[in-house]
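Engineer: give the three-dimensional model of this entry:
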Amino acid sequence: MSEKDSSGPFDRFELAAAILLGLGAVGASVAGYQSGLWGGASVEGYGESAAMTTKASTTYNDELTSYIHDAQVDVRAKEMIWEALEIDDEARVTRLKEMASWLYISQLSDPAYAALKLPKVDETSEELVAFEDKALEEALNTDLGEDYVDALFTDSAAEFEAAEARFLKARNANEYGDQFSLAGVILTVALFFGGLALVFKTKIRWGFLATGVTVLLVGSAFMSTLTWAG
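Structural biologist: Sure thing, here's the model as predicted:
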């Protein structure tokens with residue numbers, strides 16, 4: 001240190017190093033704070049995704065139960081229709097058609113009813129309704145296909161999709177937090193070089209200071225490109 005430098009109110013080098021250390025500390029603190037916010041959002045998101053997946057699984061199980069029930073009802077009703085077409089006993093034919101119609105009206109889910117292209121009826125009526133032969137024959141020749149499956153499992157599919165979207169959002173939050181953690185590490189390296197610069201008393205200290213400033217600028221520029229938590 002020259003006589004001229006020591007006679008001033010402060011040492012310019014030490015001031016520059018202090019500014020570097022201060023900015024680096026502030027930047028590292030901000031990076032840590034952002035990393036913590038994203039980490040909390042990530043944990044919360046994973047928890048919500050798990051809860052949503054559990055709910056979607058419950059909905060799916062209910063829909064699967066309806067699917068099995070619809071299939072059983074449809075098979076039984078088709079057996080009755082087939083028998084009604086094969087016998088000559090008018091009284092039994094009428095009863096079989098009425099029973100098949102009742103099964104379709106009262107036991108099928110709405111997607112299954114629509115898939116079999118059955119006519120609309122008043123479900124609140126207490127009278128036993130028998131579909132016309134054309135409607136029953138069409139139901140006999142119609143299977144519960146993919147359109148029915150898609151319609152029946154619509155709710156669970158939407159819930160699983162929402163749960164997956166929430167999971168991806170949580171994973172992104174975790175990645176954002178990791179990026180801010182990396183920025184904090186870079187800024188901490190700037191502090192390291194700034195501290196080393198104050199230790200040395202030769203011109204090499206300017207090299208450490210310049211390195212610290214460069215690292216600080218790189219870390220700050222990197223952090224400015226990241227997604228910040230609100």
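Engineer: low-confidence ranges in this structure?
Structural biologist: Applying pLDDT under 70 to the chain picks out residues 1-10, 122-128.
Engineer: what's the spacing between the nearest residue to G212 once chain neighbours are set aside and A162?
Structural biologist: Distances taken as C-beta to C-beta, 6 or more residues apart in numbering put F193 closest to G212, at 3.3 Å, once the chain neighbours are dropped. C-beta: built from backbone N, CA, C; applies to glycine. The spacing between F193 and A162, counted by C-beta to C-beta, to the nearest Å, is 48 Å.
Engineer: before we move on, what about A17?
Structural biologist: 52 Å.
Engineer: okay, these two: which has more neighbours?
Structural biologist: Using other C-beta atoms under 10 Å as the criterion, A17 and A162 rank with A17 on top: 22 against 16.
Engineer: state the helix or strand in which the more buried one lies.
Structural biologist: helix 12-86 (DSSP states H and E).
Engineer: residues of whichever helix or strand comes after that helix that come out buried?
Structural biologist: Next helix or strand after helix 12-86 toward the C-terminus (DSSP H and E): helix 90-107. Residues of helix 90-107 classed as buried: V93, L96, K97, E98, M99, A100, S101, W102, L103, Y104, I105, Q107 (neighbour count, 16 or more other C-beta atoms under 10 Å).
Engineer: so who does the residue lying closest to E83 once chain neighbours are set aside touch?
Structural biologist: Spatial nearest neighbour of E83, excluding adjacent residues (C-beta to C-beta, 6+ apart): L96 at 5.7 Å. Going by C-beta atoms under 8 Å, 6 or more residues apart in numbering, L96 touches M80, I81, E83, A84.
Engineer: S35 versus L96, what's the distance?
Structural biologist: 71 Å.
Engineer: what does A173 give?
Structural biologist: Distance from A173 to S35, by C-beta to C-beta: 11 Å.
Engineer: which SS state does A130 fall under?
Structural biologist: Of the three states, A130 takes coil under DSSP: H, G, I helix; E, B strand; the rest coil.
Engineer: relative to A28, how far out is it?
Structural biologist: Where A28 is concerned, A130 sits at a distance of 80 Å (C-beta to C-beta).
Engineer: elements contacting the helix or strand in which E161 is found?
Structural biologist: E161 belongs to helix 154-199 when assigned by DSSP H and E. Contact here means 3 or more C-beta pairs under 8 Å, 6 or more residues apart in numbering; DSSP states H and E; on that basis helix 154-199 packs against helix 12-86, helix 204-224.
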